[in-house]
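> Have a look at this prediction, sequence included:
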Amino acid sequence: MKSIDMSAIDLNLLVAFEALFEERSVTGAAKRLHLGQPAMSAALGRLRTVFEDELFIRIGKEMQPTSKALEIASEILAALELIRHTIKSSQVFDPVSSQRSFTMGSPDYTSYVVIPPMLEFCSQKASGLNFRLIGYEKDSVGELLERGTIDIALGVFPNPPLHTNNTPLFQEHFVGIARKGHPAIINGSMFVETFASLPHALVTLRRDATGEIDKALARLDLQRRIAITIPHMLVLPAIIAKNDLIAAIPYRVAARFASLHCLEIFELPVQTEPWAVSMLWSKLADKDPANSWLRQTLKTICEGL
């Protein structure tokens with residue numbers, strides 16, 4: 001079978017075929033495509049060469065399609081419609097009607113704080129959307145974004161990977177959390193020496209036993225005892241609710257824990273720096289309408305957290 005050199009075929013020729021087929025007139029087709037009649041006649045000549053057929057023959061006042069033209073018309077028109085639909089759908093994202101699935105890289109913290117209000121928003125504004133959350137190692141997040149494995153990543157990114165964009169969503173800071181009625185809490189805080197002497201729970205993904213609190217205590221020549229390390233923040237309420245263990249965790253998680261469990265928030269007796277919780281995405285997806293909508297939605301939601 002003879003192969004077809006597609007590089008020699010101009011898509012505009014198929015558009016010209018469509019116009020001729022529907023207008024049945026070189027003049028009408030030219031007017032429809034905003035071309036001069038000589039240009040339209042030239043396009044017809046090239047079509048005849050490509051398809052090795054007259055395609056349209058003047059009979060009376062109209063250009064009537066040949067059998068060959070009638071044979072290929074439905075497929076050409078369908079192909080053009082598919083191309084137009086593809087271009088249009090790539091430029092517009094309608095969250096109301098979309099059933100797209102978004103995959104988001106998100107640790108426990110952002111999943112707990114950000115995702116519930118996002119799902120509440122989508123249940124009213126974009127109920128057909130689906131979301132997939134996966135954990136990630138910080139060293140691999142750039143590759144996950146570049147490959148399209150995840151659409152965005154939520155977290156703390158002091159050194160964002162190359163070829164990504166990063167925007168802060170909100171500021172966060174540490175507070176202390178303990179069981180309700182903990183005897184060491186006085187007027188919403190505790191003495192720093194008492195704080196250092198109590199057993200602590202530490203949430204860490206690095207499998208170590210050192211956090212920002214330890215650095216702050218070291219500046220005061222104090223050291224705490226890490227009684228337990230855990231990789232998942234959500235187990236914390238069950239761990240500290242019925243004993244004297246305390247923990248330093250992000251404020252937004254602590255506030256929700258305190259409202260749902262028998263826990264109490266206290267101000268830390270050491271100074272720690274706040275940090276930015278951010279959203280990361282690939283530069284390859286920067287202009288994607290769906291990705292843009294998701295980013296803007298998350299920014300709007302996080303403004304109210």
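Nice, thanks for sending it over.

> Quick one: neighbours of A285, just the number.
For A285, the neighbour count with other Cβ atoms under 10 Å is 19. C-beta coordinates here come from the backbone N, C-alpha and C atoms, glycine included.

> Quick check: chain neighbours aside, which residue is closest to it?
Of all residues not flanking A285 in the chain, N291 sits nearest, at 4.3 Å (Cβ to Cβ, 6 or more residues apart in numbering).

> mind exporting whichever helix or strand K215 is part of as CSV, just the C-alpha atoms?
Here K215, judged by DSSP states H and E, is contained in helix 212-218. C-alpha atoms of helix 212-218 as CSV (Å, rounded to 0.1, in the frame of the first residue of the first chain):
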residue,chain,number,x,y,z
GLU,A,212,12.9,22.3,65.7
ILE,A,213,12.0,22.3,69.4
ASP,A,214,15.3,20.6,70.2
LYS,A,215,17.2,23.3,68.5
ALA,A,216,15.3,26.0,70.4
LEU,A,217,15.9,24.2,73.7
ALA,A,218,19.6,23.7,72.9
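
> that older thread, show me what counts as buried in the helix or strand harbouring the residue nearest to A285.
Element membership of N291, judged by DSSP H and E, is helix 289-302. For helix 289-302, a neighbour-count test (16 or more other Cβ atoms under 10 Å) marks A290, N291, W293, L294, R295, T297, L298, I301, C302 as buried.

> where does this structure dip in pLDDT?
1-8, 89-91 (pLDDT under 70).

> which residues in it form strands?
Applying DSSP state E to the chain gives strands spanning 56-59, 62-65, 101-105, 130-134, 152-155, 164-172, 174-179, 199-203, 225-230, 246-250, 263-266, 275-282.

> Show me what the first one is packed up against.
Read that as strand 56-59. strand 62-65 (3 or more Cβ pairs under 8 Å, 6 or more residues apart in numbering; DSSP states H and E).

> repeat that for 10 Å
Contact partners of strand 56-59 among helices and strands, from 3 or more Cβ pairs under 10 Å, 6 or more residues apart in numbering; DSSP states H and E: helix 11-23, helix 26-32, helix 37-51, strand 62-65.

> Quick one, which of those gets closest to H232.
Ranking the helices and strands packed on strand 56-59 by their distance to H232 (criterion: Cβ to Cβ) puts helix 11-23 first, at 53.8 Å.

> Report the angle between the closest one and helix 37-51.
100 degrees (axes from the mean of the first three to the mean of the last three Cα atoms, to 10 degrees).

> Sort out which residues of the helix ranked longest in the chain are buried, please.
The longest helix of the chain (DSSP state H) is helix 67-91. By 16+ other Cβ under 10 Å, the buried positions in helix 67-91 come out as A69, I72, A73, I76.
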